[in-house]
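S.K.: Everything below, folded, please.
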Amino acid sequence: MQNPTLLRHCRKIFRLLPLIVIPGFAQIGININLAERGGTFIDLVRESYRWNINGTAITSANVDAQGWPTADADFIYDARPVAEWAGQIDDPEKYRIDMSGTYKCAFTGRATLSASGGRIVNQTYVDSDNRTTFDLVIDGPPGPGHGFLILKFSNTVRTPGAQAGSGIRNLKIHRPGYPLDHPDVFAAPFIQALLGINFEAIRFMPFSGANDVDPVYPKVTHWNQRKTLADASQARMEPLDKLDGASWELVIALGNRLHKDIWINVPVSATEDYIRQLAALIRDGLEPALNVYVESGNEVWNNIFPQHAYNLAQAAALGIGEHENHARRTAQLADLFGQAFGPGSLNTRVRAILCSHAPMLKWWVEPMLTYLDKNRGKPSGYLYGISSQAYFSIAPDAGLSIPEILSRARANILGQIDESGGVNQASRLQWVQKAAQWNLPGGYFIYEGGSHPILGSQANLGNTIMAERDPEMGVLLKLNYTEGFTDVGGKLAMHFLLSSAYTRYGCFGLTDDIGKPERNSKYAAMRDLAGGSTTVLPPGSRASDTRNHNLYRNSRKPEVRIRNGAAHRVYQSDWYDLKGAFLEREAMPE
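M.R.: Predicted coordinates:
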């Protein structure tokens, strides 16, 4: 094995060397959902929190401290296509996720069980464990109503001697092929889909539930209000006033599992104690070779979200503008994370990103940077970069053919590259120039990007959805992230999303089935852009490693570095053992 001390020093040197971007090679990241279309977790209960009592959503009066029902209740899981429940399906292909198979299930307590959308078999109660196990069988192939499940728990007895109707705890519904004692949390297709593209980073905004989580100002969000692994679900839990998504522990675990940098969104209402504890949790849990991108809220400029109202009200209380408050908060996050991670971490491991709406470069971003420069010092000392969204329009106009829709999308991308003479002067090139003007070390980022129809519109919906599945859509994604981003100097583009249904509410996912990511051209196009996949090599693949375990190799895209006045193309590979421990980073000249 090569000298580990020398390797650590080499890695530090490589990170400090000047970098020239090679046009045509895009750095690609991904936003992940909860739940992915086709599943995130092995346990269905972790990704859905829909409990009804007599047809009404469960309330705080009928749950325990972890969110489990304390009365007879129904658990609901719905994977039907939009909007089958209203008697119509948006998708002209009527594509359905296949939920068929035998699910291994268990809960603490006793109950009379019945199911709609599946069959209960092999129900057994073990008195010594106070535990009920059963199998849930969902028949296939998928047809009308497939994927809509209601499990009814009646005559519940939570603990021996408790009265009837006292509820149950610790419900598990494991997907087909996973026994109840399976040690993993994440479903294999989800992990495989993420490893199938060599993403640079994972943005956890939808996964961690960054939208609609903030209260009305001046209320704050405390650390003990966050989601934990002990909660009944990782989905939004209104009865407990836990409005976030998956726990930060799962964010860290997934970053380590995939060996990818993480991009997190901190609630704008989170207290200083919350931020400090979050920073310490990530510092202590995230693999040391990985970086953390830190963003304040999500789209704080967007008035459809409560974080916008919170920021606006807080700004008024502080006597500053809403854009200035957003900048102040981002700098605060940088300070607190930098303190937690230690000297030298800012703009290296800790990467604070100041985000705003794409057209607002002159109206928000420049004033924010000026405000910070005046009140906090040079932004380049604590802000890694600036970021906007980079969507391209999918025209829903009635009568447009699929080729016409795609042609308009292409024109929309090209029109966003340079707006030197426009009103806003805020296209991708101008964002790159603004980052360079302020000497921000990371430059310009895309926090979300991809195709974007008019949300909610049903005009020409069939052709709009089919355009998303057309091979040309993969070409357009490449255009959006190469000529439209990397070639003008962009740093890292975070596509939105890994998976989603294809509906009137958007077709954002690279796939509409996490178990079948190659269903359309978008997934393969993104793999091409990212330089392939993250692979697992068999034992013995690397002669210099003499330890008896497999190695993960996370190949990175070629970079050009300047040494002794000459340009050298360098390929990087990160090596890990199967326990997730970072071994070394190789830099291999061409």
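
S.K.: My guess is M526 contacts G509. True?
M.R.: No - the criterion here is C-beta atoms under 8 Å, and M526 misses it with G509 at 10.9 Å. C-beta here means a position set from N, CA and C on the backbone, and glycine is covered the same way.

S.K.: List the pairing partners of the helix or strand containing M494 within its sheet, with orientation.
M.R.: Assigned by DSSP states H and E, M494 belongs to strand 492-496. The sheet places strand 492-496 alongside strand 28-31 (parallel), strand 443-452 (parallel), with pairing taken from DSSP bridges.

S.K.: Let me have those in a markdown table, extended by distance to P517, mean neighbour count and mean pLDDT.
M.R.: Listed next are the strands paired with strand 492-496 as a markdown table, based on distance: least, C-beta to C-beta, whole Å; neighbours: other C-beta atoms under 10 Å; pLDDT from 0 to 100:
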| stretch | distance to P517 | mean neighbour count | mean pLDDT |
| --- | --- | --- | --- |
| strand 28-31 | 12 | 25 | 98 |
| strand 443-452 | 15 | 25 | 97 |
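
S.K.: Of those strands, which is nearest L240?
M.R.: Nearest of the strands paired with strand 492-496 to L240, taken as C-beta to C-beta: strand 28-31 at 25.6 Å.

S.K.: Let's see that closest one as PDB, backbone CA atoms only.
M.R.: Output of strand 28-31 as PDB, limited to C-alpha atoms (Å, rounded to 0.1, in the frame of the first residue of the first chain):
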ATOM      1  CA  ILE A  28     -23.400  17.000 -12.300                       C
ATOM      2  CA  GLY A  29     -25.200  16.500  -9.000                       C
ATOM      3  CA  ILE A  30     -28.700  15.400  -8.200                       C
ATOM      4  CA  ASN A  31     -31.600  16.400  -6.000                       C
END
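
S.K.: got a list of contacts for it?
M.R.: Residues from elsewhere that reach strand 28-31, judged by C-beta atoms under 8 Å, 6 or more residues apart in numbering: 194, 197-206, 260-261, 263, 448, 481, 492-498, 510, 526, 529-530.

S.K.: quick one: which of the residues you listed sit in helices?
M.R.: 194, 205-206, 481, 526, 529 (DSSP state H).

S.K.: Using TSV, lay out these together with pLDDT.
M.R.: Formatted as TSV, the ones in helices among the contacts of strand 28-31 follow (pLDDT from 0 to 100):
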residue	pLDDT
L194	98
M205	98
P206	98
Y481	97
M526	97
L529	94
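
S.K.: Could you dump these into JSON lines and include neighbour count and distance to K94?
M.R.: Shown next, in JSON lines, are the ones in helices among the contacts of strand 28-31 (neighbours: other C-beta atoms under 10 Å; distance: C-beta to C-beta, whole Å):
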{"residue": "L194", "neighbour count": "23", "distance to K94": "27"}
{"residue": "M205", "neighbour count": "24", "distance to K94": "30"}
{"residue": "P206", "neighbour count": "24", "distance to K94": "25"}
{"residue": "Y481", "neighbour count": "26", "distance to K94": "31"}
{"residue": "M526", "neighbour count": "27", "distance to K94": "26"}
{"residue": "L529", "neighbour count": "24", "distance to K94": "30"}
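
S.K.: Serialize these to a markdown table and add fields for distance to N52.
M.R.: A markdown table is the format used below for the ones in helices among the contacts of strand 28-31 (distance: C-beta to C-beta, whole Å):
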| residue | distance to N52 |
| --- | --- |
| L194 | 33 |
| M205 | 29 |
| P206 | 25 |
| Y481 | 43 |
| M526 | 39 |
| L529 | 44 |
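
S.K.: Give me the three-state assignment for the nearest residue to P69 once chain neighbours are set aside.
M.R.: Excluding the flanking residues, the one nearest P69 by C-beta to C-beta, 6 or more residues apart in numbering is G167, at 4.4 Å. Following DSSP: H, G, I helix; E, B strand; the rest coil, we place G167 in the coil state.

S.K.: got it, and the one 5 residues further on?
M.R.: Using three-state DSSP, the three-state assignment for K172 comes out as strand.

S.K.: Tell me the bridge partners for it.
M.R.: Counting by DSSP bridges, K172 is bridged to A106.

S.K.: What distance do you get for it to L229?
M.R.: Applying C-beta to C-beta, to the nearest Å, the value for K172 to L229 is 14 Å.

S.K.: How about G342?
M.R.: Distance, G342 to L229, using C-beta to C-beta: 27 Å.

S.K.: repeat for F204
M.R.: F204 is 16 Å from L229, by C-beta to C-beta.

S.K.: Looking at the two, which one has more neighbours?
M.R.: The neighbour comparison of F204 against L229 (other C-beta atoms under 10 Å) goes to F204, with 26 against 13.

S.K.: my read: that one touches V266, true?
M.R.: No - in this structure F204 lies outside contact range of V266 using C-beta under 8 Å: 11.0 Å.

S.K.: The strands paired with strand 492-496 into TSV, with extra columns for distance to I252?
M.R.: Listed next are the strands paired with strand 492-496 as TSV, based on distance: least, C-beta to C-beta, whole Å:
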stretch	distance to I252
strand 28-31	17
strand 443-452	20
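
S.K.: which stretch among those strands comes nearest G515?
M.R.: strand 28-31 (16.8 Å).

S.K.: any idea which helix or strand carries I282?
M.R.: Secondary structure from DSSP H and E places I282 in helix 272-285.

S.K.: pLDDT of that helix, averaged?
M.R.: If you average the pLDDT over helix 272-285, you get 98.
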